[in-house]
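Q: sequence below, structure please.
(chains A, B and C)
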Amino acid sequence: MKIVVPVKLVPDLVEELLIDESGTALDTTWLSLILSEFDDHAIEQAILLKERDGAQVTVVVPDVEGADDVLFTAAAKGADRLIRLVGPFEPTVNNHALARAFAPVVRELQPDLVLTGVQAHSDLDGPVGPQLAGLLGLPYVGYVAGVRVQGDRCLVRKEHPGALLAEMEVALPAVLGIQAAEEPPRYVAFSKIRQAMKTAAIEEWPVDELDPSGGPAVRRLFQPEVGERATMLEGDVDEIATRLVGILEELGVLA
Amino acid sequence: MAVRETFWNIPHWAEVGQYLLGLLTVLIFLLGVARRVRRWRMGRPERRTDRLGARLRAVLVHAIAQVRTVQDPYPGVMHLAIFWGMVALFAGTVLATVDWDITRLFFGFQFLTNGVYVLYELVLDLFGLLLLVGLGMAAYRRYVVRPPRLQGGREREFAWEDAYALAMLALIALTGYLIEGLRIAVLRPSWAAWSPVGSAVASLFAALGDPTGRTLHLVLWITHGLLAFTFIASIPFTKLFHIVAAPLNIFFRSLGPAGALAPAYHSSPVGAATWRDFTWKQILDFEACVRCGRCQDQCPAHASGLPFSPRDLMVKLKLHLWQRGNGRALHGDLISPAEVWACTSCRACAQVCPIFTDPVALIVDLRRYLVNEGEVDPQLQEALANLARYGNAFGQSPRMRARWSQPLRPRIKDARKEAVEYLWFVGDYASYHAGLVEVTRQAAQVFQQAGLDFGILYDGERSAGNDVRRVGEEGLFEMLMERNGAALSRCTFQAIVTTDPHTYNTLKNEYPPEVIGDRPVLHHAELLDRLITSGRLRLGRKLGYTVTYHDPCYLGRYNGVYESPRRVIEATGCTLVEMPRHRERSFCCGAGGGRIWMEEGEVKERPSEARIREAAQLDGVQVLVVACPKDVAMYRDALKTTGYEDRLVVKELVELVYEAMQA
Amino acid sequence: MHQEIYVLVEHLRGQVAEISYVMLAAAQELARGTGGPVVALLLGHDAQALAQDLAADRVLYVDHPALAEFTPDAYQRVLADLMERKPPRALLLGETSVGADVAGRLSAQLGLPLVGYCRTLRADDGTLTFVSQICGGRLMAEGELPAPTALVTMIPGGFKPEQGRSPHPPEVIPEPAPSLEGLRITLKQYIEPEEEDVDIAKAPILVAVGRGIQNQDNLPLAEALAEALGGVVCASRPVVDQGWLPTTRLVGKSGKRVRPKVYLALGISGAPEHVQGITDSEVIIAVNTDPAAPIFDVAQYGAAVDLFDLVPVLTEKVRQARSAPALAAA
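A: Alright, predicted model coming up:
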């Protein structure tokens, strides 16, 4: 079985997000990129499938800062092939462009399964997975929290609101948007990642042009106005607790 | 003439038998020792043959004089009595053999004659008595007093072995006296008074008469011989082996600083999966252990109720060593992950071990294996991921590392851009923890007041990695060390000062010489001590608090810094009342070894809470002084959870100095 | 220029999801700008009744057995067919396990622009504007809604669902389904969440725990407070993912929307996926050591203190207040 995991790096929210002079985009000088959390789960799910059913796992990343770290970590976890797409990728490349860049790679690799994160927090133009599926003409199911491959189809568990799960059968090849891997992403020792840096080979696949059309034009990027912020209660713990009791009494909750 | 008639009443066949059996015994003994040594050598290599003089001295001090053993008075004296009793009797036997089989046979004279002989008899009689007294003390302790560390855990499995050792020695000594008594009763030599115990025993047999006496003597002589040979032959197969292994373990112990861990093995597996992965010296550690349990008594993890004991760890490792492959794996079977992760790396165990085992190093190697297999709990996983990405376990941006310093004027020098005299390596907790930044600012102001030329690395600083290493993530430690090393190499400084004992330990003992060279690494307690003593820092106020002081593990036990903080406390005009457990016996707050990053587990009483209760019992003490940022956090939390907030206040050493500075 | 605003009505097991009403309200706003009708798209089987309270000008209803419950492939085909035959000015879908499965695929297949995480839509003098919330709620992106046809996936918060409900049933127009042979995705079964011990959606007082609770062993703290208040403990995703509380207690996008009188958020940062579930609360009180945590933007009252310090004290005071109201005022 062949699994391809296209992933992306997104702004690390631990750092401050600054808006550039034009007011329409992020200032990339201090921007730090980190693997999208759901893509991390996608990699984990792929490795789990490899361990359970035997598969070749290929991870594909666009050439932005931090791409190599992502690939080497994936290799240390058990990924077989590492592909970095080399092209005019900005850190803030949109998903329409990414999906169009991933599509020919996936077509060439001919996988049975494409796993990618169900969403990323920077998806202003919608997540990558469904678009990739659309370009390739493959079925897509998102919010997947469990995958069982059975021959030429797979059984997935899809999360609906209210903790309701829908079990769906999907004909392969297919694209799945992973919400949660069946196990939380594993820990891999730093020495293994370093080892991977020495032994693992990253294939560079060129992408000549990026086509971001389909993504909305941003007129203004801004930090949300903190309209009615909470009334912050001051004082020591005792004073705060007393005030809270007062508030609760006013609400009639302590009757 | 008084002379030792060695084989009086012993027929020729018995004499020959004795020599033959003796030979057999020695063979069995040597084979037994060889078997064990061969197994040790199947471990990984390690060089421990440097500084032979110091090693021999250690054997004299700790194996002969048994300085550590005596620190626990009752068992210490008891053991010395048994030890010297045995040594004397053994020496006596050797002398008798030389006298009879060498000097008499080959050189035609005996030296155990007259004055020498009667002195010999007296000394042996008295030492034999000493031996019996020691054995009596031991039996009383083990079977009547029943101290906790000799019960429970894995001890029951070895009850026969412990009883065997005591019983055999006692029987040998007793039969020895009986033989002596019978001989004296029959021969009635004129110098009998020089064997007081023998004479006393002889009086019991006075009524027996000659043939009975002689027969009894022979029977007992044979019994005594058989017992002695059995004893000697059994040494390599029972806990008595410590007679051989303990001095060896002391001889081969690490002479490097306690705070320098051995690097991880470069060959697979990383860390210890089975006994073969330990070095021969580590294997010797758990072979030499006699299960005395002193380590367990000191261990904060054990005291908190976690299912962990350093002594039991040793026992399990030894069991694992000798299982011959039938059965149980080490990880997850004999030793659970909870046990491996329970340790705080405080070294109270290694500090107190009479034969210098190092449980901490064993645990780190076990952890290295688990980390390599990816078996870490989610909280620890998150901390390590944060350390790798952001250089701190809090998951905060490295760019915010020096935010605490922003309100200060003048701005603290950037050691990356300017030369400084003291490079202040601040550390994670002091930089990021919301409750501690005020202490860090006060430290800066104290340094400024003293006119110190100092700077910080700002966001070039990363966690120094001490606890990353103790958690077993050697690869991450190396990365942090490289990054910090690169940052330091680009700076110009004369000395490093840090407010964090964990940072202090690793910078001082583990960072490569190219990075720091012979520039001193100081803890702020040491620096403050110097500044105050030299007069550079004047303390205008006498604070007058009655305080107690918690010796941080990595400052005190690991690096021997006890006096500086005490002098500083005194200089601030406070009265110091020592904690019951202080200096080398200081009791860990429970945060070290990465524990502060892990899930707590089934703890019945947190070590920090136990320590607060200990401090609260000191009459008149208002302040608990600490010298480590993690201690500040741990103890302030513990004050709340124990409800002692009104009774005690926790202050960092630098807070005292800051307060005393306000004239 | 197209004028219609389409809204994909999301329903699961006979229930219309609240996001559908939010989208209808948004559609009304857009329709003021285009002059065109709000058209609800209802796909299902024997599901006409679901159209009853939709505040739309009309409902296009596609009935087919394969549409009885949501599956991405079937919905995909119907919508693609419809969009090609009768393209609107905009198609609004939920940023959900229903809408988000389909939107991106339509965008790629039909070459239509897509706006994600959209919170607000406005018609300002004929220009249609979107405002999306990205990067965990830290950034807002505003722009013109692409023409001539745009796909939009919406998150709740910008519009009140009440505005999307109508007391008068709209006109329901049957719409033919394209061929739904050879579907590549089929629904096998639904798996219910575990036995509900409590329905947090009905609880009047909720004590919510997030990552800040740190450890399963600390849950009793929150439980004690909940008990003292006569409320129930619920949680954000990190707590449920660890298995410290069952999924029935999950509040947020993948969990439940709650509407208590008081929502006490302990150690919760306020990520949008969680906040989505609590905006119907009457009063939100948040406790978090980080004064910059986004939760304080939705809460009415906040305290930037350590929950481990506050909760025991608060529990005690609440107990006292309950047993001796007059004394508590002192």
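Q: who are the neighbours in contact with B:Trp404?
A: B:430-431, B:437, B:440-441 (C-beta atoms under 8 Å, 6 or more residues apart in numbering or on different chains). Just so you know, the C-beta spots here come from the backbone N, C-alpha and C atoms, and that holds for glycine as well.
Q: do the same with C:Ser281
A: C:206, C:258-263.
Q: now flag whichever of the residues you listed is closest to B:Asn386.
A: C:Tyr263 (29.4 Å; C-beta to C-beta).
Q: part of a strand, is that closest one?
A: Yes. Checked against DSSP: H, G, I helix; E, B strand; the rest coil, C:Tyr263 lies within a strand.
Q: list the contacts of C:Leu128.
A: Contacts for C:Leu128 were tallied using C-beta under 8 Å, 6+ apart; they are C:30, C:33-34, C:89-90, C:121-122, C:144-145.
Q: switch to 6 Å and redo it
A: C:30, C:33, C:145 (C-beta atoms under 6 Å, 6 or more residues apart in numbering or on different chains).
Q: correct me if wrong: the second one contacts C:Ala123.
A: Yes. Judged on C-beta atoms under 6 Å, C:Gly33 makes contact with C:Ala123 at a distance of 2.5 Å.
Q: interface residues of chain A facing chain B?
A: A:14-15, A:186-191, A:194 (C-beta under 6 Å from any C-beta of the partner chain).
Q: and for residue 72, the neighbour number?
A: All of this refers to chain A. 23 (other C-beta atoms under 10 Å in any protein chain shown).
Q: the intended chain is chain C.
A: The number of residues near C:Pro72, taken as other C-beta under 10 Å, comes to 26.
Q: show me what from the stretch 1-150 of chain C comes close to chain A.
A: C:12, C:72-73, C:97, C:100-101, C:103-105, C:107-109, C:113-116, C:132, C:134-136, C:138, C:140-143, C:146.
Q: who touches the residue in the stretch 451-600 of chain B positioned nearest to chain A in this structure?
A: Relative to chain A, the nearest point of the stretch 451-600 of chain B is B:Gly475 (3.1 Å; C-beta to the nearest C-beta). Applying C-beta under 6 Å, 6+ apart to B:Gly475 gives the contacts A:189-191, A:194.
Q: likewise for B:Val3?
A: B:Thr113.
Q: list phi and psi for the residue of chain B found nearest chain C.
A: Nearest residue of chain B to chain C (C-beta to the nearest C-beta) works out as B:Glu599 at 6.1 Å. Main-chain torsions, B:Glu599, degrees, to the nearest 10: phi -70, psi 140.
Q: so it makes contact with B:Val376?
A: No. Using C-beta under 6 Å, B:Glu599 is not in contact with B:Val376, being 10.4 Å away.
Q: which one of the contacts of C:Leu128 is nearest chain A?
A: Nearest member of the contacts of C:Leu128 to chain A, counting by C-beta to the nearest C-beta, is C:Leu145, at 7.6 Å.
Q: picking that back up, tell me how far the residue of chain B closest to chain C lies from B:Pro337.
A: Computed as C-beta to C-beta, to the nearest Å, the B:Glu599 to B:Pro337 distance reads 11 Å.
Q: likewise for B:Leu531?
A: Distance from B:Leu531 to B:Pro337, by C-beta to C-beta: 46 Å.
Q: need the strands for chain B, in chain order.
A: Assigned by DSSP state E, the strands in chain B fall at B:413-414, B:422-425, B:454-456, B:495-498, B:521-523, B:546-549, B:575-576, B:623-626, B:649-652.
Q: output these as TSV; include the columns mean neighbour count.
A: Shown next, in TSV, are the strands of chain B (neighbours: other C-beta atoms under 10 Å in any protein chain shown):
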stretch	mean neighbour count
strand B:413-414	18
strand B:422-425	25
strand B:454-456	22
strand B:495-498	22
strand B:521-523	23
strand B:546-549	22
strand B:575-576	16
strand B:623-626	25
strand B:649-652	21
